[in-house]
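Student: here's a sequence, model it:
(chains A and B, ligands or ions: 2)
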Amino acid sequence: MNDIWLGLLNAFKLILSFDADLFEIVLLSLQVTLSAVLIASLIGLPLGALLAVNRFRFRRAAIALLNSLMGLPPVVVGLIVYILFSRSGPLGVFGLLFTPTAMIIAQVIIITPLIASIAHQALRDLWSEYHDLLISLNTSKRQRMMTLIWDSRRSLLTASLAGFGRAIGEVGAIMIVGGNIDHVTRVLTTAIALETGKGDFALALGLGFILIGLAIAVNMAIHALSRTERTGQW
Amino acid sequence: MVSTTILPLRLENAVVRKRGKLIIDAISLTFEPTGMTIVMGPNGAGKTTLLRLIHGLERPRSGRVSWNCSADDAQSRQAFVFQTPIMMRRSVLDNIAYPLTVRGSSKSEARKQAADWAINVGLGDALQLEAANLSGGERQKLAIARALIGKPDILFLDEPTTNLDGKSTREIEAILQSAHSSGTRMIMTTHDIGQARRLATEVVFLNKGRLCEHSTAEVFFEGPHSDAARAYLNGEILE
Ligand SMILES: Nc1ncnc2c1ncn2[C@@H]1O[C@H](COP(=O)(O)OP(=O)(O)O)[C@@H](O)[C@H]1O
Ligand SMILES: [Mg+2]
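Tutor: Ligands and ions are numbered 1, 2, ... in the order given. Next comes the predicted model:
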């Protein structure tokens, strides 16, 4: 119990010290995760809409696959991305291993199924509500998807935030593909793992509280933004 | 106007089955280019299904539904007002504007026309309201404005005033009368015999998925040919 208080105290000390290294780590964490969430949303939301609106042969199988990919073990994803991007791997020429880009790629793979699957559920419900109207108005497939996405944007925000939550706390994959290199690929989670390994629990815990605070702050900021849209426009 | 209309519409031995149940039983009918057709019949007669079939929301198991033009052309020149209006999660204005934006109008042009239509149907004060907050009568008015904004050749309405109070019913009938007199062909179902008398130029009477009668309003209300229609008008319960 004492350790936890010490950790909290450490977190405040770290923040108040305006430590440049800490700032860099926090910034990279945000940068990597927000990029991954943005890219995964750009893939996952339309994918969810496509699965909601289209009737094709392997639709059920595709949805089942998507749902099971939600539980993809990050370490395995990290390993596969590592192999693909390692110097002798098929994508080795890009030289992306141990860069933030590789970390973003791994996170996109981990959270896209999650975002797509949550989005699909929300969009499927709205589709059953809108179905007759949108068919009656002779809309194209693309228009149906865009309409559903726009009109469920608040539920979709939740889908993206779930992706953010998973990505910001992820350590297994980015440790492997990023390598936790100081000043290059070190983020909050990999720093915590490192300090824990070294036995510096107080520092690890301090970083941990900063991580939690960051996740809460981002969620609150995005919810506040979506609320101003609601009251501002309508 | 007449030369470009998608009507007449012909049904030839159209059959609709669902889960093995015969719902529309070999109906043949012709809808001429003008008029207000009221489809009547007891609950479960197949009125809703007939409208959905004509509009292309149901496929005939056999038989044909043919317009006086290509199916694609016909599809874009009809509109449907559902018994339970579908409110998009948008403002009243954007709900009404939606069909125009789908057809490629600019947002500002679509909203301008939508505002005019909202005023036409008596929703001028509710433009910025979320559609979900409207009352039953207001929802129907929104749905009618959204259907008429695309200037359809033909408008289908499925019991548009069921469950509405007298005032809303009167207002909606006035909107429909005015759309009809400006040339919109209408096919509408109703349970309300008084409403049918007020609006119909012709009546289609269904019972158990079969066409019992297709007459002008005069003939139907003064001396219907079919026993089923006569019994229905007399307030008897059809078996
Ligand atoms: N999806 C469906 N599956 C099975 N039966 C249906 C379905 N939809 C409608 N029916 C049946 O078809 C008959 C006609 O329905 P409907 O066209 O809604 O009648 P109405 O509008 O005249 O009341 C009813 O007996 C109804 O139970
Ligand atoms: Mg019905």
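
Student: how about the contacts made by the nearest residue to B:Gly137 once chain neighbours are set aside?
Tutor: Using C-beta to C-beta, 6 or more residues apart in numbering or on different chains and skipping residues adjacent in sequence, the residue nearest B:Gly137 is B:Ser168, 3.0 Å away. For glycine as for every other residue, the C-beta is placed from the backbone atoms N, C-alpha and C. Counting by C-beta atoms under 8 Å, 6 or more residues apart in numbering or on different chains, B:Ser168 makes contact with B:136-137, B:140-141, B:161.

Student: now B:Ser168: how far from B:Gln75?
Tutor: From B:Ser168 across to B:Gln75, the span is 30 Å (C-beta to C-beta, to the nearest Å).

Student: likewise for B:Ala217?
Tutor: 29 Å.

Student: closest one of the contacts of B:Ser168 to chain A?
Tutor: When the contacts of B:Ser168 are ranked by distance to chain A (C-beta to the nearest C-beta), B:Gln140 comes first, at 13.8 Å.

Student: helix or strand right after the helix or strand containing the closest one?
Tutor: B:Gln140 is located in helix B:136-148, with elements delineated by DSSP states H and E. Next in sequence after helix B:136-148, counting helices and strands by DSSP H and E, comes strand B:154-158.

Student: all strands of chain B, in order?
Tutor: Using DSSP state E, the strands of chain B run over B:9-18, B:21-31, B:36-40, B:62-66, B:78-81, B:154-158, B:185-189, B:202-207, B:210-216.

Student: does the residue of chain A found nearest ligand 1 count as helix, strand or coil?
Tutor: Closest residue of chain A to ligand 1, C-beta to the nearest ligand atom: A:Asp132 (12.5 Å). Judged by DSSP: H, G, I helix; E, B strand; the rest coil, the three-state class of A:Asp132 is helix.

Student: contacting residues for it?
Tutor: Counted by C-beta under 8 Å, 6+ apart, A:Asp132 has contacts B:57, B:80, B:82, B:86.

Student: and these as JSON lines, adding pLDDT and neighbour count?
Tutor: Shown next, in JSON lines, are these (pLDDT from 0 to 100; neighbours: other C-beta atoms under 10 Å in any protein chain shown):
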{"residue": "B:Leu57", "pLDDT": "94", "neighbour count": "17"}
{"residue": "B:Phe80", "pLDDT": "97", "neighbour count": "24"}
{"residue": "B:Phe82", "pLDDT": "97", "neighbour count": "21"}
{"residue": "B:Ile86", "pLDDT": "97", "neighbour count": "19"}
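
Student: quick one on the thing from earlier: just checking, what packs against the helix holding B:Gln140?
Tutor: Packing partners of helix B:136-148 (3 or more C-beta pairs under 8 Å, 6 or more residues apart in numbering or on different chains; DSSP states H and E): strand B:78-81, helix B:92-102, helix B:107-120, strand B:154-158, helix B:166-181.

Student: can I get the CA coordinates of it in CSV?
Tutor: This file holds the C-alpha atoms of helix B:136-148, laid out as CSV (Å, rounded to 0.1, in the frame of the first residue of the first chain):
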residue,chain,number,x,y,z
GLY,B,136,-46.6,11.4,-34.0
GLY,B,137,-48.4,13.9,-36.2
GLU,B,138,-45.4,16.0,-36.7
ARG,B,139,-43.4,12.9,-37.7
GLN,B,140,-45.9,12.0,-40.4
LYS,B,141,-45.7,15.6,-41.7
LEU,B,142,-41.9,15.4,-41.8
ALA,B,143,-42.1,12.1,-43.7
ILE,B,144,-44.6,13.6,-46.2
ALA,B,145,-42.4,16.6,-46.8
ARG,B,146,-39.4,14.4,-47.2
ALA,B,147,-41.3,12.3,-49.7
LEU,B,148,-42.6,15.3,-51.7
